[in-house]
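Chemist: Fold the following.
(one chain, ligands or ions: 1)
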Amino acid sequence: MKVDGGLRPGAHKAAPPEVDVGVIEGRIIGFVFAPTPSQSDRPISELLAEGRPLRSLEFFPPKDEPGVEALRQTAAALRRIEPDFVSVTYGAGGSTKGRTAQVSSLLRAEFGFTVMPHLTAVSHTRAEVAAVAEEHYARGIRNIMALRGDLPNGLPPATAFRDGLRFGCDVVALLKDLHPDLCLGVAGYPEKHPEAPSFEADLVNLRRKVDAGASFITTQLFFENEAYYRFVDRCRAAGIDVPIVPGIMPMLSLKQVTRITTTCGARLPDRLIRRIEAAGDQPEIVEALGIDWALTQIRDLLAAGAPGYHLYILNRARSALTLAAGLAA
Ligand SMILES: Cc1cc2nc3c(=O)[nH]c(=O)nc-3n(C[C@H](O)[C@H](O)[C@H](O)COP(=O)(O)OP(=O)(O)OC[C@H]3O[C@@H](n4cnc5c(N)ncnc54)[C@H](O)[C@@H]3O)c2cc1C
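Modeler: Numbering: from 1, shown residues only. Here you go, the predicted model:
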């Protein structure tokens, strides 16, 4: 449902913004649809071709209105470090379908960011995936992170995968068929996708995504750069020649990082665990350690010629700002 009005009076002087009102988990929420910039986004492949290291940030769509306001503040703070693009995740099984689109529009229209929404196949028909992509395209978005997605808890594969959309390469092929000028990123796994029977099989499947039309790879998070360097070497040997952007997550707490690494299969180095344990129950110190670790990783990656870095910022500005300041030094 669309109604006239604005959540932030005076934010847009040219035309009153539209507000899309919806009910999520029993709460009424509103997202501003600011006037869409008239120009389409530049494809990220073009930015990568410039040869300078890119900085990108990943957001997830908030659940409610206070979350949207917090995201706005985060985005406002992050504007000063001029990310080359920002991405917005897609909830498991399409659970954030509308919110991913809305937050993507907000970040693009209110903050002028080049936005790459994620789009996953799980639980969607081909027509549903196409409809989401068409909505982005109509708003001028030209970059999409094309994914298979994770299965929501308890959902059997027979229900989750519909209409021949089974793997990331199927999503890439569908989107490229729809709009050949869409620039598509895909996921890569320096420490192997947890379901893959072997590293070699995973690389064959990664190559399928590139052969279907993906322009670049963003990696799963990792904490040891050696994993990334080995991965890049293996990709090149397997004939995968697109840019491979390392994904870095500044850790916030041992609990958080253990939960995430258990799901995604990334290894937590003993050295890092020892440091976190030595910090004890002091969140500020653990956060500072996480930023310091990420800073060391990024410096090393850029010195080794990585095409940039993608930060999993979990909707927080502080680590990204501190890292940008550290890298400027
Ligand atoms: C950068 C990044 C962003 C992400 N964003 C999101 C998000 O927004 N929302 C979300 O739900 N999840 C997200 N994920 C997680 C991702 O959805 C999961 O890791 C998911 O399990 C795999 O998605 P994929 O697109 O890599 O799948 P695929 O490339 O399809 O790979 C999945 C598994 O299938 C195998 N495989 C692939 N193709 C074939 C084939 N043709 N035949 C046989 N086997 C095959 C692969 O080896 C792998 O083991 C993200 C991950 C990364 C790294």
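
Chemist: Which residue ranges of this structure form helices?
Modeler: Assigned by DSSP state H, the chain shows helices spanning 44-49, 65-79, 97-111, 126-138, 157-160, 168-178, 199-211, 225-237, 254-264, 270-279, 283-303, 318-328.

Chemist: closest to residue 37 out of those helices?
Modeler: Set against residue 37 and scored by C-beta to C-beta, these come closest in helix 97-111, at 6.3 Å. C-beta here means a position set from N, CA and C on the backbone, and glycine is covered the same way.

Chemist: hmm, back to that, using JSON lines, please lay out the helices of the chain together with distance to the ligand and mean neighbour count.
Modeler: Below are the helices of the chain laid out as JSON lines (distance: least, C-beta to the nearest ligand atom, whole Å; neighbours: other C-beta atoms under 10 Å):
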{"stretch": "helix 44-49", "distance to the ligand": "13", "mean neighbour count": "18"}
{"stretch": "helix 65-79", "distance to the ligand": "16", "mean neighbour count": "17"}
{"stretch": "helix 97-111", "distance to the ligand": "8", "mean neighbour count": "22"}
{"stretch": "helix 126-138", "distance to the ligand": "12", "mean neighbour count": "17"}
{"stretch": "helix 157-160", "distance to the ligand": "11", "mean neighbour count": "12"}
{"stretch": "helix 168-178", "distance to the ligand": "3", "mean neighbour count": "21"}
{"stretch": "helix 199-211", "distance to the ligand": "3", "mean neighbour count": "18"}
{"stretch": "helix 225-237", "distance to the ligand": "12", "mean neighbour count": "17"}
{"stretch": "helix 254-264", "distance to the ligand": "7", "mean neighbour count": "15"}
{"stretch": "helix 270-279", "distance to the ligand": "20", "mean neighbour count": "14"}
{"stretch": "helix 283-303", "distance to the ligand": "15", "mean neighbour count": "17"}
{"stretch": "helix 318-328", "distance to the ligand": "16", "mean neighbour count": "17"}
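
Chemist: With distance to residue 37 added, can I get the ones you listed in a markdown table?
Modeler: Compiled in a markdown table, those are given as follows (distance: least, C-beta to C-beta, whole Å):
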| stretch | distance to residue 37 |
| --- | --- |
| helix 44-49 | 17 |
| helix 65-79 | 15 |
| helix 97-111 | 6 |
| helix 126-138 | 13 |
| helix 157-160 | 35 |
| helix 168-178 | 22 |
| helix 199-211 | 29 |
| helix 225-237 | 34 |
| helix 254-264 | 34 |
| helix 270-279 | 41 |
| helix 283-303 | 30 |
| helix 318-328 | 23 |
